[in-house]
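Engineer: Build the 3D model from these lines:
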Amino acid sequence: MSRFLQDCTLYTFRRYRVQFALCRIVAAAVGVFFAWSVSAAERPDVLFIAVDDMNDWVSLLDPESPIKTPNLERLAARGTLFTRAYCASPACNPSRVATLTGLRPGTSGVYGNKSDWRKALPKRKTIMERFRDAGYLVQGAGKIFHHHLDGAFHDDRSFDQFQPMAKQNMPPEKLNRSPDYGSPNTDWGIWPENESDTIDFKTADYCIDILTGDPPEQPRFLACGIFKPHSPFFAPMQYHLAYEAIALPLRNPDDWNDLPSGADKLMKRKRWFWQGMEGVEEKFPGSYRDFIRSYAACCAFADAQIGRVIDALDDSSRGRETIVVLWSDHGFHLGEKDHIEKFALWEKANHIPLIVVAPGVSEPGTRCEAPVDLTSLYPTLLELGGLPPDPKCDGTSLVPLLKDPTAKSTPALMTYGRGNHAVRSEQFRYIRYADGSEELYDHRTDPHEWTNLAARDEYTTVVEAHRKWLPKTEAKAVPDLKKNAKSVVPGRVK
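Structural biologist: Down below sits the predicted model:
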């Protein structure tokens, strides 16, 4: 055969091979589209409940806790409770951005509460956008994105309709008896008189109206953002009554003696809150217990508002088929490890309630002990909703664990500030700070994290095993949103 005929034959073969490959790709795409279009009308509704600052000292996760959360428990009885669930970051903005975009702080560069997340991720679609693209009616109310700068962090693209979080109803004077202590946001006590005057009652009302109204023709994604127990710790009188003699958290007076330099540096600027609390307690005995009591009251109040929303869901025509996800954006220290607030990589600031109700996927009343973090919710909801997966997600879907709680999983990863990370396995919490210093706690023998094991020779292998889960690269921190930034919160939508 001549060289010319050989070239022609080879060209023809390659051309048809390319055409055949293109046909396969087109056929696959058509098949995916056809499957999507056929099942779109049958897709389940989604109720997505975010809670702010609720830690693990609630009866949902700790049966011995005096803080009773009966509505969270009845919701968990319908699905799967993840008993070792953790936030992606112990601060509102980076945690919520990671959860709603599926990208960790080290990927996005969103490390702080003022980080301009949309500047960092201008093209990234939130989980709500993905559902809108799939034909869902997406509605919401309350605190979903961080509410800093009067709602400037809100994202219009994520909702068809949204009711912004109501303004804080503040008492005319501080309630905690200390005019010198902190800002209005550090106040606590019985307020307001009428439950209907609270932020979360109004958010719940909006969601109840939606759930009990005529259902839309298309499937619906409803996001309900509960603000409490976020400070100030205000709740009406009836929620304080059960906590008159509440116990105080256990503390170790030598707790900080074995902390490494990285912990001291990271936590130094937050010490004022705990030191201020000690000052208030010295001047006004009983103030610390009042503070704890008020946090407990706020948890009970939040549980009650969630219960109202769940009742409305049950009364709706599509309630029993609805996917329900409930999560807290991070935990909260109440004096444990001589720390108050979140903003730490210890267990108490990161361990959260997480419930997933997936009808037909998981058995009701299931408990999953595997460590998971909130970056998993994005891929999980995509899979449960029948939407195409997103290979860019940092987290992995929880659906295998919903089907089999004993399925293999990876440790949970948390980040607070660039270079500071924690890894939580079933037994250990490992922390590595930006300066390379470390902490290691064995939760089977030391649930309060009082003894740092990282420098002990016998734990070298354990440290190395956890160290491998740290991110290999980290994005630079995105600039903060400026104080004069215009809010993008839409107006109230009926």
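
Engineer: Need the mean per-residue confidence for the helix or strand hosting residue 95.
Structural biologist: Element membership of residue 95 [criterion: DSSP states H and E] is helix 92-101. Mean per-residue pLDDT for helix 92-101: 98.

Engineer: Check stretch 222-238 too.
Structural biologist: On average, stretch 222-238 scores 97.

Engineer: What are the buried residues along that stretch?
Structural biologist: 222-236 (16 or more other Cβ atoms under 10 Å). Placement of C-beta: from N, CA and C, glycine included.

Engineer: list the contacts for residue 466?
Structural biologist: 411, 423, 425, 428, 430, 440 (Cβ atoms under 8 Å, 6 or more residues apart in numbering).

Engineer: Make sure residue 48 is indeed in a helix.
Structural biologist: No. Using DSSP: H, G, I helix; E, B strand; the rest coil, the assignment for residue 48 is strand, not a helix.

Engineer: Provide the secondary structure category for the nearest residue to it once chain neighbours are set aside.
Structural biologist: Nearest non-adjacent residue to residue 48, counting by Cβ to Cβ, 6 or more residues apart in numbering: residue 223, 4.6 Å away. Secondary structure, three-state DSSP: residue 223 is strand.

Engineer: Find the nearest non-adjacent residue to residue 293, please.
Structural biologist: Nearest one to residue 293, counting by Cβ to Cβ, 6+ apart, is residue 243 at 4.4 Å.

Engineer: Help me confirm that that neighbour comes into contact with residue 66.
Structural biologist: Yes. Using Cβ atoms under 8 Å, residue 243 is in contact with residue 66, at 6.6 Å.

Engineer: Between the two, point out the one with more neighbours.
Structural biologist: Neighbour totals were compared for residue 243 and residue 66, and residue 243 leads with 21 against 16 (other Cβ atoms under 10 Å).

Engineer: right, and residue 352 touches residue 54 too?
Structural biologist: Yes. The criterion here is Cβ under 8 Å, and residue 352 meets it with residue 54 at 7.0 Å.

Engineer: Find residues that contact each of these two.
Structural biologist: 328, 331.

Engineer: ok, the two, which is more surrounded?
Structural biologist: Neighbour count, other Cβ under 10 Å: between residue 352 and residue 54, residue 54 has more, with 30 against 27.

Engineer: which residues does the more buried one contact?
Structural biologist: Per Cβ under 8 Å, 6+ apart, neighbours of residue 54: 229, 299, 302, 328, 331, 332, 352, 353.

Engineer: any idea how far the fifth one is from residue 430?
Structural biologist: Using Cβ to Cβ, to the nearest Å, residue 331 is found at 17 Å from residue 430.

Engineer: The third one now?
Structural biologist: Spatial separation of residue 302 from residue 430 under the definition Cβ to Cβ is 31 Å.

Engineer: So for those two, which residue has more residues nearby?
Structural biologist: residue 302 (29 against 26).

Engineer: Helix, strand, or coil at the nearest residue to the more buried one once chain neighbours are set aside?
Structural biologist: Nearest residue to residue 302 in three dimensions, chain neighbours excluded: residue 228, at 4.3 Å (Cβ to Cβ, 6+ apart). Here residue 228 takes the coil state, with states given by three-state DSSP.

Engineer: Look up phi and psi at residue 228.
Structural biologist: Reported as degrees, to the nearest 10, the phi and psi values for residue 228 are phi -80, psi 150.

Engineer: wouldn't it be in contact with residue 201 here?
Structural biologist: No. Using Cβ under 8 Å, residue 228 is not in contact with residue 201; the gap is 10.2 Å.

Engineer: Now list whatever residues contact both of the two.
Structural biologist: Contacts common to residue 228 and residue 201, judged by Cβ under 8 Å, 6+ apart, are residue 305.

Engineer: In contact with residue 263, which residues are there?
Structural biologist: 431, 433, 437, 439.

Engineer: Double-check that the last one belongs to a strand.
Structural biologist: Yes. Counting by three-state DSSP, residue 439 falls inside a strand.

Engineer: thinking again about what came up before, and after the helix holding residue 95, which helix or strand comes next?
Structural biologist: Defined by DSSP H and E, the subsequent element after helix 92-101 is helix 105-108.

Engineer: Counting by contacts, list what that next one packs against.
Structural biologist: helix 92-101 (3 or more Cβ pairs under 8 Å, 6 or more residues apart in numbering; DSSP states H and E).

Engineer: roughly how far is the helix holding residue 95 from the heart of the chain?
Structural biologist: 7 Å (Cα atoms, centre = their mean, to the nearest Å).

Engineer: Just the residues contacting that helix, thanks.
Structural biologist: Contacts for helix 92-101 (Cβ under 8 Å, 6+ apart): 50, 52, 87-89, 103-105, 108, 110-115, 117, 121, 124-128, 144-146, 148, 153, 158, 327, 329-330, 374-375, 377-378, 394, 415-416.
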